[in-house]
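1. Got a sequence here, can you build the structure:
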Amino acid sequence: MLTYELRKADGGPLYYALYRAIRDDIAAGELVPGEKLPSKRALAEHLGVSAVTVESAYRLLIDEGYAVSRERSGYYVLAVGALGPGQNAGREPLRLLPEETAETGADFPYSLWFRTLRRVIADQGSRLVARSPNEGCAVLRNAIARYLLRCRGMHAQPEQIVVGSGSEQLYGAVVRMLGSDKLYAVEWPSYGQIEAVYRGMGARVERLSMGPDGVDSAALAATKADVLHVTPFHSWPSGVTAPAAKRYEYLQWAARPGRYLVEDDFDSEFSMPGKPLESLYTMDERGAVIYLNTFSRSLAPSMRMGYMIVPEALLPAYRERVGMYSCSVPVLEQYALAAFIDQGHFERHLNRVRRKLKER
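-> This is a model prediction of the structure:
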């Protein structure tokens, strides 16, 4: 008769502990192919467990191919080969990781956000379990387009807007769209993930040194890059904001056919009232600026949502080379953010944060 000391391992059920004990004996060759297993009732009485526990363990053995049930005969071991004890033999207890401490600012409007979520769940129903279009849900792309025109003076058709899960994914989309064979120039020093993603996508990267107002003019004039990635509002870690003259210099650099600017508009929502700076996208007349922004800074780091504005002339290339990739932002979050923007909550939140920054 099989004898095991059964206990609930790792919080699992007793039948699973019995299944593992019998499975390990079969894998180690202790129970040979064709050997009959004890009846459910006999093994249950022997081990002091319920017949349901034994039946559940036997059923799992059958499902996994370790045993077979023969009508009016019983349960028999199947041939699976000598597999050894497996990777779980003698394993240590789980070493649980310390849970993260929330560090998102007190400025985040929790009550408004969760109220918006509840309303969206109640109103939208089955739409929230449908698959998102690859470029993002129309409701969010429309909301972003309206917000940009209303508050930033940026005119972008919703079809130009692509929703993604944060800046890193959008950096990758830029390389797929423009090609990894091109030379990408980045500010130096700059946010490390920009260069890391570009190189990870197989692109060549050139670092251009920063001056007091942006990319050094001599370095910009000398580069043979095809694409220039800049953060004109707030370059990190230097903190440099490019003035209008430097922005025109970037646009003049991109005037040559085949060159593109990637405008990473990090932190731009927090520009102080009375000191507006036009985006490169708005100043551009040639359609050479690919605009990127996220909600991770303006709302919360957990908001893994961002967007890219694709110039109209590049839309065919985007659809051909990137359009087959699924949108990785959950539909619920897209609908909630669209409602949050359309109901004015986002703008009021930004105004509150700006006032606090001004007071500091």
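2. how does the protein divide up, domain by domain?
-> Under the assignment automatic domain parsing, the domains of the chain span 9-77, 110-359.
3. now the strands for the stretch 201-350 of the chain?
-> Per DSSP state E, counting those that start in this stretch, the stretch 201-350 of the chain carries strands over the ranges 204-211, 214-215, 227-230, 260-264, 289-294, 306-309.
4. neighbouring strands for the last one, and are they parallel or not?
-> Taking DSSP bridges as the criterion, strand 306-309 sits next to strand 161-164 (antiparallel), strand 289-294 (antiparallel) in its sheet.
5. can you pull the contacts of the residue nearest in space to the middle of the chain?
-> Residue closest to the average C-alpha location in the chain (C-alpha atoms, centre = their mean): residue 165, at 4.6 Å. Contacts for residue 165 (C-beta atoms under 8 Å, 6 or more residues apart in numbering) come out as 304, 305, 306, 328, 329. (Each C-beta comes from the backbone N, C-alpha and C, glycine too.)
6. Kindly report the same for residue 343.
-> Going by C-beta under 8 Å, 6+ apart, residue 343 touches residue 116.
7. ok so, going back, could you redo the domains of the chain as CSV and give each row distance to residue 2 and mean pLDDT?
-> Converted to CSV, these look like this (distance: least, C-beta to C-beta, whole Å; pLDDT from 0 to 100):
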stretch, distance to residue 2, mean pLDDT
domain 9-77, 6, 91
domain 110-359, 46, 94
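8. May I see those domains organised as TSV, with distance to residue 101 added?
-> Shown next, in TSV, are the domains of the chain (distance: least, C-beta to C-beta, whole Å):
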stretch	distance to residue 101
domain 9-77	25
domain 110-359	13
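9. Of all those domains, which one comes closest to residue 100?
-> Smallest distance to residue 100 across these (C-beta to C-beta): 10.5 Å, for domain 110-359.
10. one step back: would you mind giving the strands of the stretch 201-350 of the chain as a markdown table with mean neighbour count added?
-> Formatted as a markdown table, the strands of the stretch 201-350 of the chain follow (neighbours: other C-beta atoms under 10 Å):
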| stretch | mean neighbour count |
| --- | --- |
| strand 204-211 | 16 |
| strand 214-215 | 26 |
| strand 227-230 | 25 |
| strand 260-264 | 25 |
| strand 289-294 | 24 |
| strand 306-309 | 24 |
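11. Out of those, which gets nearest to residue 51?
-> Comparing the strands of the stretch 201-350 of the chain by their distance to residue 51 (C-beta to C-beta), the top pick is strand 306-309, with 56.5 Å.
12. contacting residues around the closest one?
-> Contacting residues not belonging to strand 306-309 are listed as 136, 141, 144, 154, 156, 160-167, 169-170, 173-174, 281, 290-296 [C-beta under 8 Å, 6+ apart].
13. Name the helix or strand for residue 23, please.
-> Using DSSP states H and E, residue 23 falls within helix 14-28.
14. My understanding was that residue 350 contacts residue 267; is that so?
-> No - in this structure residue 350 lies outside contact range of residue 267 using C-beta atoms under 8 Å: 11.6 Å.
15. quick one on the thing from earlier: please render the strands of the stretch 201-350 of the chain as JSON lines that adds distance to residue 37 to the earlier fields.
-> JSON lines is the format used below for those (distance: least, C-beta to C-beta, whole Å):
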{"stretch": "strand 204-211", "distance to residue 37": "62"}
{"stretch": "strand 214-215", "distance to residue 37": "74"}
{"stretch": "strand 227-230", "distance to residue 37": "65"}
{"stretch": "strand 260-264", "distance to residue 37": "64"}
{"stretch": "strand 289-294", "distance to residue 37": "58"}
{"stretch": "strand 306-309", "distance to residue 37": "57"}
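16. Out of those strands, flag the one nearest residue 248.
-> Comparing these by C-beta to C-beta, strand 214-215 comes nearest, at 11.0 Å.
17. where exactly do the helices run in the stretch 1-150 of the chain?
-> 14-28, 40-47, 51-63, 110-124, 138-147 (DSSP state H, counting those that start in this stretch).
18. Identify whichever of these lies nearest to residue 194.
-> Smallest distance to residue 194 across the helices of the stretch 1-150 of the chain (C-beta to C-beta): 22.1 Å, for helix 138-147.
19. Would you mind putting the CA coordinates of that closest one into CSV?
-> Presented in CSV, the C-alpha positions along helix 138-147 are these (Å, rounded to 0.1, in the frame of the first residue of the first chain):
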residue,chain,number,x,y,z
ALA,A,138,-11.3,55.9,-31.4
VAL,A,139,-12.8,57.4,-28.3
LEU,A,140,-9.4,58.1,-26.8
ARG,A,141,-7.8,59.2,-30.0
ASN,A,142,-10.6,61.7,-30.6
ALA,A,143,-10.3,62.9,-27.0
ILE,A,144,-6.6,63.5,-27.3
ALA,A,145,-7.0,65.3,-30.6
ARG,A,146,-9.7,67.6,-29.1
TYR,A,147,-7.5,68.3,-26.0
